[in-house]
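**Q** Coordinates for the following, if possible.
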Amino acid sequence: MNTEIDTLFNKAITALPCVAKYTSKFKDGDYHGYVFLQPDWRRYSFLIKAEKLRDNQDLTEKKPLCLAPLLATQISKIQQLTATKNHQEQALKQPLFSLLSSNWHIVEPSKAAQLAKSLSHFVDKIDNHLALTFFSIELSFYKQSKLISFLQSDINNHQKWCYFIEAATDKPNHYQYYTLNGLSAPIHDCNTRIPVELTKSNTLDYLCFFCFFVQSEGGSFYILPEVNDPIIPPVLWDKNFIHNNQLLNLIECFIPPKVKHQGKNSSIYEATMYFDCTISVVELEVFNSGQVRLKTSKDIASALPFRLQITLS
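**A** From the prediction side, this is the model:
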């Protein structure tokens, strides 16, 4: 019976154009489904309890008679969470990460050729690397440094942006590259070689940078820069969206990133953060050394049906 149920859900869900991959499992009679969405590889998960499955089966015939309503419910939710056209364009045309004070720029061809050579370990995995577009953005908190990014697409992940810190060295036109892979070590190594220089105008950019590129088991800590940020499905911003049987009211709860207190050795910032499947209002302390400490966190919503999924190198 479990096989028939799984086959039914698998066939219907994988047929949806917005679905990149679907996996599932039975545990203690409950059915768990995991949907990975196009084009940004975010994950939506659902659970159907064993009692619900039993209520929709003909136990004498051992056939799933009325699973259609359960399936239709999940398909409706998946379609609601599909990325909008604007978000698809963002996911495929520009790096997901951005700074509050500056914008990405396309790297000119001569520089792109040098980057392709320096980052050959990553570039060579791309079939058509000659058509690769590199992006760069100035990092005001690292002297003579830039953030480099390009889109690495493969069969396992349709949208994987690779990120690197490019730091100038004593030799002309010679650079040191730090691969931002979700670990804190590359940033700490960079801070050792190029001491971070935090000011009133760039500390918030550094905070967003640090939280995005230092991941935990749940992924990145994404600071939402503004209302209707496209990293969150539009349906969650809707004033009528219901979560856990009550209105979410995300727009009303949203707090833009801002400084609360500036001291001699550190500053405290307040922001709205998206992590794993939770959106929270947080207070974060940023030290002059570049260290970041979470002071307080208050959930706006947890156990959301849409998990933030950011894959780094």
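**Q** residue boundaries of the strands in the stretch 51-200 of the chain?
**A** In the stretch 51-200 of the chain, the segments counted as strands under DSSP state E, counting those that start in this stretch are 57-58, 63-64, 105-106, 134-138, 145-152, 160-168, 175-179.
**Q** For Ile300, which of these is the nearest?
**A** For Ile300, the closest of those is strand 160-168, at 26.5 Å, according to C-beta to C-beta. Placement of C-beta: from N, CA and C, glycine included.
**Q** So Leu8 belongs to a helix, correct?
**A** Yes. Assessed by DSSP: H, G, I helix; E, B strand; the rest coil, Leu8 belongs to a helix.
**Q** How many neighbouring residues does it have?
**A** 15 (other C-beta atoms under 10 Å).
**Q** thinking again about what came up before, which one, of the strands of the stretch 51-200 of the chain, ends up nearest to Gln114?
**A** Comparing the strands of the stretch 51-200 of the chain by C-beta to C-beta, strand 175-179 comes nearest, at 8.5 Å.
**Q** pLDDT of that closest one, averaged?
**A** Across strand 175-179, the average pLDDT comes to 95.
**Q** Next, the buried residues of that strand.
**A** Across strand 175-179, burial judged by 16 or more other C-beta atoms under 10 Å covers Tyr175, Gln176, Tyr178, Thr179.
**Q** So which of these is the closest to Glu285?
**A** The shortest approach to Glu285 among those belongs to Tyr178, at 24.1 Å (C-beta to C-beta).
**Q** List the contacts of that closest one.
**A** Residues near Tyr178 by C-beta atoms under 8 Å, 6 or more residues apart in numbering: Phe164, Ile165, Ala167, Pro186, Ile187, Asp189, Cys190.
**Q** ok, of those residues, which come out buried?
**A** Counted by 16+ other C-beta under 10 Å, the contacts of Tyr178 give Phe164, Ile165, Ala167, Pro186, Ile187, Cys190 as buried.
**Q** follow-up on the earlier one: can you tell me which of the contacts of Tyr178 is closest to Leu236?
**A** In terms of C-beta to C-beta, no member of the contacts of Tyr178 lies closer to Leu236 than Ile187, at 29.7 Å.
**Q** where does the closest one sit relative to Leu147, distance-wise?
**A** 12 Å (C-beta to C-beta, to the nearest Å).
**Q** Need the overlap of contacts for those two.
**A** Between them, Ile187 and Leu147 share the contacting residues Ile165, judged by C-beta under 8 Å, 6+ apart.
**Q** ok, back up a step: and the furthest pair within the buried residues of strand 175-179?
**A** The span of the buried residues of strand 175-179, defined through C-beta to C-beta, is set by Tyr175 and Thr179 at 13.1 Å.
**Q** got the buried ones among the contacts of Tyr178 as TSV, with distance to Gln38 columns?
**A** Listed next are those as TSV, based on distance: C-beta to C-beta, whole Å:
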residue	distance to Gln38
Phe164	26
Ile165	29
Ala167	35
Pro186	29
Ile187	31
Cys190	33
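**Q** Serialize those residues to JSON lines and add fields for pLDDT and distance to Glu217.
**A** Shown next, in JSON lines, are those (pLDDT from 0 to 100; distance: C-beta to C-beta, whole Å):
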{"residue": "Phe164", "pLDDT": "97", "distance to Glu217": "23"}
{"residue": "Ile165", "pLDDT": "97", "distance to Glu217": "24"}
{"residue": "Ala167", "pLDDT": "94", "distance to Glu217": "29"}
{"residue": "Pro186", "pLDDT": "94", "distance to Glu217": "18"}
{"residue": "Ile187", "pLDDT": "92", "distance to Glu217": "18"}
{"residue": "Cys190", "pLDDT": "91", "distance to Glu217": "23"}
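**Q** What part of the chain, helix or strand, is modelled with the least confidence?
**A** strand 63-64 (a mean of 50; mean pLDDT, DSSP states H and E).
**Q** What sits closest to Leu37 if chain neighbours are left out?
**A** The shortest distance from Leu37 to any residue other than its chain neighbours is 5.6 Å, reached at Cys18 (C-beta to C-beta, 6 or more residues apart in numbering).
**Q** Now for that neighbour, how many residues are close by?
**A** Neighbour count for Cys18, taken as other C-beta under 10 Å: 16.
**Q** All further residue positions should be reported with the first residue as 12.
**A** Got it, first residue is 12 now, which makes that one Cys29.
**Q** Just want the phi and psi numbers for it.
**A** In terms of degrees, to the nearest 10, the main-chain angles of Cys29 are phi -80, psi 0.
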